[in-house]
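[1] Sharing a model that was predicted from the sequence below.
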Amino acid sequence: MLELKQVLKQAVKNLFKEDVEPELTRPDEKFGDYSTNVAMQLGKQLGKPPREVAEALAGKIGGSEMIAKSEVAGPGFINFFLTDKALLEGLERQTAKSYEGQTVVVEYSDPNPFKILHVGHLYTSVVGDAIANLFENAGANVARVNFGGDVGLHVAKTLWSILQKLGGENADKLEEIEPNQRTEWLAENYVEGNNAYEDSQDAKPQIAELNKRIYQIVEKQDKQSSLAQIYWTTRQWSYQYFNDFYNQIGTPFDRYYPESETVEPGLKAVKENVGKVFEESQGAVVFKGEVHNMHTRVFINSQGLPTYETKDIGLALKKWQDYHFDRSIIITGNEQVDYMQVVLKALEQLEPELAIKTTHITHGVVKPAGGIKMSSRLGNIIKAEDVLKAANEANKVANKHEDFAVALGAVKYAFLKNRIGADMIFDPAESVSLQGNSGPYLQYAYVRARSILQKANDKSNLQPVTSNLERDERSLARKIGEFSEVVEQATKEMLPSHIATYLYDLAQSFNGFYEKNRILGDAREVQRLKLITAYSIALKKGLQLFGIAAPEKM
């Protein structure tokens, strides 16, 4: 597509002495391989009928080596049909390294220690990793980072409940908690502590005081006191649980930022800008968002403690200090939209460059279609591990065998095929089906292609006998050639769903080709094996961008 753009751009320059950046789209195959409306753009500038401009351009470009023919349609569209040679060369095209040399920080998942990982964390982990993969594929140096609250009221609520269970600050009693029960135990204590904070007049001030003590433990790096030992031990339990889960789903992180590390730089930035960016109000420090058509938020509360807002400012400063990024991408749920608008607007007043380089992406809620039970005991959440278990069980029922790589691929694809932003329904049975638009369907499509190539005894390494394509061969080559363009679009827009749509269409195109055309033993065997090789490569690359395994057998 880039080559055609250059040819079109030069033709406009030669004919009309105008500089343009023509847009190309993919029309229905019967109308051509590419289409442009550049003539309609030029018509206004030149004061000429767009169709007249289009006909002049079509005549000029018709002699290009890559264009078999060009046709004018409607009020001034130009449709281009590529030569078979150009289509075959397109099979080898690599995605552009548009972000070569740039540093991109992608922040996602963001669970809080002392809490359970729920389906939202699983969703952002899958989406975040896919977006990070896209930027890596485009040449960027990518840092995957994670941010979570190891200090704050939720920690105090959990530790308050733990102290009730231990009969006081008795750190030695933590040894009585079995390793395989620690995660659930912490989650239960958070729920009980939260309930006590809401319902008990006695517990609320105790938890508030405990909150201050925890901040002091972290600030002074106290490792000796009994409360500190309980805090650091249970905190590590959470981190180990997070790491085990991320390893299980194949979503690595380069850096985990606990809130305790962002408190100091955040507080420093806020306090130094009171009277400039922030204001004192009733003993607290706030950012007056109304000036920017937003709402006011507290950055330091009346007790002198930093809020989430200040910690997020500190996080932005820490990420800049560590990476000096060209882009910082933050992925959260939709409920954080208003909150992040204020935080980023405050950051803009402090460090304009950092705010400009930061993009906030939001997503909707993952809702169960059935088969996943919500846990009222843990606060009415869908646990992340339960989603994976549900997919694994559904796969065993549907496909008669257990394969976690297939179940994981099913979950990832089910999440990624939906456009980021809207709520989605997750149906375990639908996600593992081999008959529809699913991860296992694409994995099986890859296995099928590899099986054909293996039976051919690597004849695909031979040169094709001709560059002339039959109609069905041409259609498949055209579809395979779209791969790099789709990946580039998905990267630019940070929408992995573009790739999912393409991969499903690609697999269907191949299935249609395979049903109508003999491969092995046909006079055009080598030609067709070349196409199948290119098809399998595109399919595998697409799955890998999603963090989905491309198995040789299923």
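    Thanks, I have it. Numbering: from 1, shown residues only.
[2] Confirm that M294 sits in a helix.
    No: using DSSP: H, G, I helix; E, B strand; the rest coil, the assignment for M294 is coil, not a helix.
[3] Please tell me how far it sits from D172.
    Between M294 and D172 the computed distance is 49 Å (Cβ to Cβ, to the nearest Å). Every residue, glycine included, has its C-beta placed from N, CA and C.
[4] Neighbour count for these two, which is higher?
    M294 (17 against 10; other Cβ atoms under 10 Å).
[5] what's the burial count for the closest residue to that one other than its chain neighbours?
    Nearest-residue entry for M294: V342, 5.2 Å, with adjacent residues in sequence omitted and distances by Cβ to Cβ, 6 or more residues apart in numbering. V342 has 20 neighbours, counted by other Cβ under 10 Å.
[6] I'd like the next helix or strand past the helix or strand containing S451.
    Using DSSP states H and E, S451 falls within helix 439-455. As assigned by DSSP H and E, the chain's next helix or strand after helix 439-455 is helix 471-480.
[7] Now that next one - C-alpha only, CSV.
    The C-alpha trace of helix 471-480 is given here as CSV (Å, rounded to 0.1, in the frame of the first residue of the first chain):
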residue,chain,number,x,y,z
ARG,A,471,-9.1,-16.5,-9.5
ASP,A,472,-9.2,-18.4,-6.1
GLU,A,473,-5.5,-18.2,-5.7
ARG,A,474,-5.6,-14.5,-6.3
SER,A,475,-8.4,-14.0,-3.7
LEU,A,476,-6.4,-15.8,-1.1
ALA,A,477,-3.2,-13.9,-1.9
ARG,A,478,-5.1,-10.6,-1.7
LYS,A,479,-6.4,-11.5,1.7
ILE,A,480,-3.0,-12.6,3.0
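[8] Helix, strand or coil: sort out R235 for me.
    Strictly by three-state DSSP, R235 counts as helix.
[9] Would you enumerate the residues in contact with it?
    113-114, 150 (Cβ atoms under 8 Å, 6 or more residues apart in numbering).
[10] Now with 6 Å, please.
    Residues in contact with R235 (Cβ atoms under 6 Å, 6 or more residues apart in numbering) are 113, 150.
[11] and what of A550?
    A550 neighbours (Cβ under 6 Å, 6+ apart): 446, 540, 543.
[12] neighbours around F114, how many?
    Residues within reach of F114, counting by other Cβ under 10 Å, total 27.
[13] ditto for the one 3 residues further on
    Around L117 there are 22 other residues, counting by other Cβ under 10 Å.
[14] Would you mind measuring from R471 to R518?
    Look at R471 and R518: by Cβ to Cβ, they are 15 Å apart.
[15] With neighbour numbers in mind, choose between those two.
    Higher neighbour count among R471 and R518: R518, with 11 against 8, using other Cβ under 10 Å.
[16] three-state assignment of that one?
    Here R518 is coil, with the state taken from three-state DSSP.
[17] May I see the buried residues of the helix or strand of the chain with the lowest mean pLDDT?
    Least confident element among the helices and strands of the chain, by mean pLDDT, DSSP states H and E: helix 2-16 (a mean of 85). Using 16 or more other Cβ atoms under 10 Å as the test for burial, helix 2-16 gives 4-5, 7-9, 11-12, 15-16.
[18] Can you lay out those residues as a markdown table showing distance to E488?
    Putting the buried residues of helix 2-16 into a markdown table (distance: Cβ to Cβ, whole Å) gives the following:
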| residue | distance to E488 |
| --- | --- |
| L4 | 14 |
| K5 | 12 |
| V7 | 19 |
| L8 | 18 |
| K9 | 18 |
| A11 | 23 |
| V12 | 23 |
| L15 | 28 |
| F16 | 28 |
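[19] from those, which is closest to G193?
    K5 (59.8 Å; Cβ to Cβ).
[20] Quick one: residues contacting that closest one.
    Contacts of K5 by Cβ under 6 Å, 6+ apart are P22.
[21] make it 7 Å
    22, 24 (Cβ atoms under 7 Å, 6 or more residues apart in numbering).
[22] do the same with the one 3 residues further on
    Going by Cβ under 7 Å, 6+ apart, L8 touches 22, 36, 38, 61.
[23] Ok, S226 next?
    Counting by Cβ under 7 Å, 6+ apart, S226 has contacts 169-171.
[24] Quick one: the strands in the protein, in order.
    For the chain, the strands defined by DSSP state E occupy 34-36, 67-73, 77-82, 103-107, 141-148, 255-258, 279-281, 284-287, 297-300, 327-333, 358-363, 366-368, 424-426.
[25] Mean neighbour count, these: which tops it?
    Mean neighbours per residue, mean count of other Cβ atoms under 10 Å, is largest over the strands of the chain for strand 103-107, with a mean of 25.
[26] Give the burial count for the residue nearest to L347 when sequence neighbours are not counted, as a bare number.
    Nearest residue to L347, sequence neighbours excluded (Cβ to Cβ, 6+ apart): A355, at 4.6 Å. A355 has 17 neighbours, counted by other Cβ under 10 Å.
[27] Got the confidence number for A355?
    pLDDT for A355: 97.
[28] And it, how far from N334?
    Counting by Cβ to Cβ, the separation of A355 from N334 is 21 Å.
[29] Is A196 in contact with Q206, as I believe?
    No: using Cβ atoms under 7 Å as the test, A196 is too far from Q206 to be in contact (8.7 Å).
[30] Overlap of the contact sets of these two?
    W160.
[31] So which of those two has more stuff around it?
    When neighbours are counted by other Cβ under 10 Å, A196 and Q206 differ, and A196 comes out ahead with 18 against 15.
[32] Enumerate every residue touching the closest residue in space to T491 that isn't next to it in sequence.
    Excluding the flanking residues, the one nearest T491 by Cβ to Cβ, 6+ apart is L134, at 4.3 Å. Residues near L134 by Cβ under 7 Å, 6+ apart: 490-491, 496, 545.
[33] ok, 10 Å please
    Residues counted as contacts of L134 (Cβ atoms under 10 Å, 6 or more residues apart in numbering) are 95, 99, 104, 106, 140, 142, 487-488, 490-496, 498-499, 545-546.
[34] now the residue nearest the centre of the chain: how far from I331?
    In the chain, the centroid-proximal residue (Cα atoms, centre = their mean) is V127; its distance is 2.7 Å. According to Cβ to Cβ, V127 stands 6 Å off from I331.
[35] swap in H360?
    8 Å.
[36] likewise E219?
    Taking Cβ to Cβ, one finds E219 at 30 Å from I331.
[37] Pull the number of nearby residues for the closest residue to Q303 other than its chain neighbours.
    Spatial nearest neighbour of Q303, chain neighbours left out: K212 (7.2 Å); criterion: Cβ to Cβ, 6+ apart. Neighbour count of K212, defined by other Cβ under 10 Å: 13.
[38] Then L354?
    Residues within reach of L354, counting by other Cβ under 10 Å, total 18.
[39] again, but for S98
    14.
[40] Quick one: residues contacting it.
    135, 137-140, 488, 491-492.
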